[in-house]
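**Student:** My questions concern the predicted model and sequence given below.
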Amino acid sequence: MQANKQTECIILAGGLGTRLRSAVPDLPKCMAPVAGKPFLAYLLDYLLAQQVTKFIFSLGYMHEVIEDFIKSNYPQIQYQIALESEPLGTGGAIRLACDYATEDNVIILNGDTMFNVDIQALLHLHINNKSDCTLSLKTMQHFDRYGVVETDLENNITSFKEKKQYETGNINGGVYALNVASFKSISFPTIFSFEKDYLEKYFNELKMTGCLSDGYFIDIGIPEDFEKAGRELGNK
């Protein structure tokens, strides 16, 4: 597996944001205002500081709002738009975005979640391990919103545990390094879940590894965490 020439990132921002609709009724989730600016601005500033040089935005719902914001506020970035004509699920959205990728390996993250991982370290580990997919993992305490990802001593993924109440465990932080050719070689339906139909289905067949990080983590997908992001990111 060859090293990338540049760092390329897919941002998934095509969701309807139904859980956040009560707090942000008329915007895509990634454009939700957090301490005076769209959440997407925090994501892009973080990624640019992590030497990401190329972007692929996977868009759907109210895509024009996102495109206008990028053009007006980040005219310097190199980007492409992968536009869903219908909701494709996380897997279908990534599969479509991979058609626009120009690097052998891409970073993938969700437009409504910030996990401050070391992107270059994640990519380096992924390429050196010759992994098909590398997941960023975050240790959490006392939670029930997330499933748990288990790994062996060599950081290979050994199981995905369902959502329930956990005292402690490593969760999928939603930032991935993905080998594009490997992913595109699998036959998927048009609409599918990256988590269920790729990660959980193929982790025993493919080389999937975990990369533990203790970076800042926030998921604005529900109103209470959206409000929490306003308090925390506004002070950064």
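**Tutor:** Yep, it's here.
**Student:** Low-confidence ranges, this structure, go.
**Tutor:** In the predicted model of the chain, residues 1-3, 15-25, 235-236 satisfy pLDDT under 70.
**Student:** could you redo the last one with a cut-off of 50?
**Tutor:** 20 (pLDDT under 50).
**Student:** Would you agree residue 186 is in contact with residue 199?
**Tutor:** No - using Cβ atoms under 8 Å as the test, residue 186 is too far from residue 199 to be in contact (11.9 Å). Using the backbone N, CA and C atoms, a C-beta is placed for each residue, glycine as well.
**Student:** Mind checking which of those two has more residues around it?
**Tutor:** The neighbour count for residue 186 versus residue 199, taken as other Cβ atoms under 10 Å, is higher for residue 199 (21 against 15).
**Student:** any idea how far residue 149 is from that one?
**Tutor:** For residue 199, the distance to residue 149 equals 9 Å [Cβ to Cβ, to the nearest Å].
**Student:** same deal with residue 143?
**Tutor:** Shown here: residue 143 relative to residue 149, a distance of 13 Å by Cβ to Cβ.
**Student:** neighbour-wise, which of those two wins?
**Tutor:** Each of residue 143 and residue 149 has its neighbours counted (other Cβ under 10 Å); residue 149 has more, 25 against 16.
**Student:** What residues of the strand or helix carrying that one count as buried?
**Tutor:** Assigned by DSSP states H and E, residue 149 belongs to strand 148-151. For strand 148-151, burial by neighbour count (16 or more other Cβ atoms under 10 Å) applies to 148, 149, 151.
**Student:** any idea which of the residues you listed is the one closest to residue 163?
**Tutor:** When the buried residues of strand 148-151 are compared for distance to residue 163 (Cβ to Cβ), residue 148 wins out at 8.8 Å.
**Student:** The closest one - nearest residue in space that isn't next to it in sequence?
**Tutor:** residue 169 (3.7 Å; Cβ to Cβ, 6 or more residues apart in numbering).
**Student:** What distance do you get for that neighbour to residue 162?
**Tutor:** Counting by Cβ to Cβ, the gap from residue 169 to residue 162 is 12 Å.
**Student:** picking that back up, I'd like the buried residues of strand 148-151 as a markdown table, with distance to residue 7 appended.
**Tutor:** Shown next, in a markdown table, are the buried residues of strand 148-151 (distance: Cβ to Cβ, whole Å):
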| residue | distance to residue 7 |
| --- | --- |
| 148 | 29 |
| 149 | 24 |
| 151 | 24 |
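**Student:** Spit out the residues that contact residue 143 and residue 149 alike.
**Tutor:** Both residue 143 and residue 149 are contacted by 169, 171, under the criterion Cβ atoms under 8 Å, 6 or more residues apart in numbering.
**Student:** Name the SS class of residue 164, please.
**Tutor:** Assigned by DSSP: H, G, I helix; E, B strand; the rest coil, the conformation of residue 164 is coil.
**Student:** List the residues that contact it.
**Tutor:** Contacts of residue 164 (Cβ under 8 Å, 6+ apart): residue 144.
**Student:** For the nearest residue to residue 156 once chain neighbours are set aside, name its beta-bridge partners.
**Tutor:** Of all residues not flanking residue 156 in the chain, residue 209 sits nearest, at 5.7 Å (Cβ to Cβ, 6+ apart). Here residue 209 shows beta-bridge partners residue 134, residue 156, assigned using DSSP bridges.
**Student:** Which member of the buried residues of strand 148-151 is positioned nearest residue 112?
**Tutor:** Nearest to residue 112 out of the buried residues of strand 148-151 is residue 149 (Cβ to Cβ; 19.7 Å).
**Student:** check contacts around the closest one.
**Tutor:** Here residue 149 is in contact with 135, 137, 157, 159, 160, 161, 169, 170, 171, 172, 210 (Cβ under 8 Å, 6+ apart).
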